[in-house]
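# Dropping a prediction and its sequence here:
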Amino acid sequence: MPGSWTAREFPNLKDSDYKITSEYSEEYNCLAWAVGDVDQRWDPDEMDQYYWPPGVPREVTVAAVVAAFQTKGFEPSPDSSLEEGIEKIAIYATSDGRPTHAARQLKNGHWTSKLGNCEDVEHETLDCLTGEVRDAQGRIMCYGRPVCYMRRPRE
């Protein structure tokens with residue numbers, strides 16, 4: 001059963017690919033969810049409306065997202081494979097290099113994502129959230145693909 005998002009936003013996400021694990025919430029976003037923070041949105045917005053780790057450039061780049069996650073103990077990882085005692089994050093970006101999403105690996109090897117302001121979902125693979133669809137103005141609406149992985153010891 002679909003959540004509050006549209007099929008157009010996630011063309012590769014089929015009903016059998018995920019299960020909803022939370023209610024709709026605007027309190028936090030995918031970047032916050034990836035590091036386990038459900039109390040605030042993580043966003044490098046230029047107006048300083050949302051939380052962004054001190055000392056990390058407020059820019060919408062993969063490098064800035066990596067630096068933000070490093071403040072929570074994550075370090076670069078060569079891949080997304082499941083490792084005992086290790087928590088991983090996948091950072092998605094569009095073909096123009098803009099970071100769009102982060103997903104966190106669960107102990108069972110599945111992934112958990114906060115879909116924008118929508119629900120959190122558990123999904124078996126990273127691929128089900130990949131894809132690029134453009135709106136009428138040519139803006140990319142989807143997450144693109146995983147471009148970077150990070151890891152830290154699981155708590």
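Nice, thanks for sending it over.
# quick one: the strands in the chain?
Counting by DSSP state E, residue ranges of the strands within the chain are 18-20, 75-77, 86-93, 99-105, 111-114, 120-123, 145-153.
# Which of those has the lowest mean pLDDT?
Of all those, strand 18-20 carries the lowest average pLDDT, namely a mean of 87.
# List the buried residues in it.
Buried residues in strand 18-20, counted by 16 or more other CB atoms under 10 Å: 18, 20. Just so you know, the C-beta spots here come from the backbone N, C-alpha and C atoms, and that holds for glycine as well.
# Please apply the same query to stretch 102-116.
102, 103, 104, 105, 106, 110, 111, 112, 113, 114, 115, 116.
# cool, stretch 74-94 as well?
For stretch 74-94, by 16+ other CB under 10 Å, it's 74, 77, 80, 87, 88, 89, 90, 91, 92, 93, 94.
# Next: stretch 124-133.
Those would be 126, 128, 129, 130, 131, for stretch 124-133 by 16+ other CB under 10 Å.
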